[in-house]
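> got a predicted structure plus its sequence, pasted below:
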Amino acid sequence: MDGGLASPTNADLATGYGRIVIVAPTLGQRDAVGLLFATMIRREQAKLRQVGAQVTVLAPDKASLAAFGPDLGNSRLRQAAARAGEAQGYAERLAL
């Protein structure tokens, strides 16, 4: 069983920390599961903010979503997805 059974990010485990980065690779998927995950992530984010945490959510941009396609488990697309994520990080100049 993977850790995503109860939550796509398990961000609730970060309760008590002042600054939290939620890495949400499923955010942006347009299927039913992706929409459910988006709702769950928004709820987690809201709960963490309610207790005073500064929360940043990292989600894939359009190029990254296109790179890993509709099946996040497709191992043939891992290199393309990694390159797209790296390019996104550089483009956004993420200061964590």
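Sure thing, it's come through. Numbering: from 1, shown residues only.
> surely residue 71 is within a strand?
No. Going by DSSP: H, G, I helix; E, B strand; the rest coil, the assignment for residue 71 is coil, not a strand.
> for it, which non-adjacent residue is spatially closest?
Using C-beta to C-beta, 6 or more residues apart in numbering and skipping the chain neighbours, the partner closest in space to residue 71 is residue 77 (8.0 Å). No exception for glycine: its C-beta is placed from N, CA and C like everyone else's.
> could I get the phi/psi values of that neighbour?
phi -100, psi 0 (degrees, to the nearest 10).
> where does pLDDT dip in this structure?
1-5, 94-96 (pLDDT under 70).
> redo that, cut-off 90
The chain contains residues with pLDDT under 90 at 1-10, 12, 23-37, 58, 68-74, 85, 89-96.
> dump the residue contacts of the residue sitting nearest the centre point of it.
Among the residues of the chain, the one closest to the centroid is residue 24, at 0.5 Å (C-alpha atoms, centre = their mean). For residue 24, the contact set (C-beta atoms under 8 Å, 6 or more residues apart in numbering) comprises 8, 9, 37, 41, 57, 58, 59.
> in helices only, show me those residues.
Counted as lying in helices by DSSP state H, out of the contacts of residue 24, are 37, 41.
> next step: the contacts of residue 24 restricted to strands.
57, 58 (DSSP state E).
> farthest-apart pair in the contacts of residue 24, please.
37 and 58 (14.1 Å; C-beta to C-beta).
> right, I'll leave it there.
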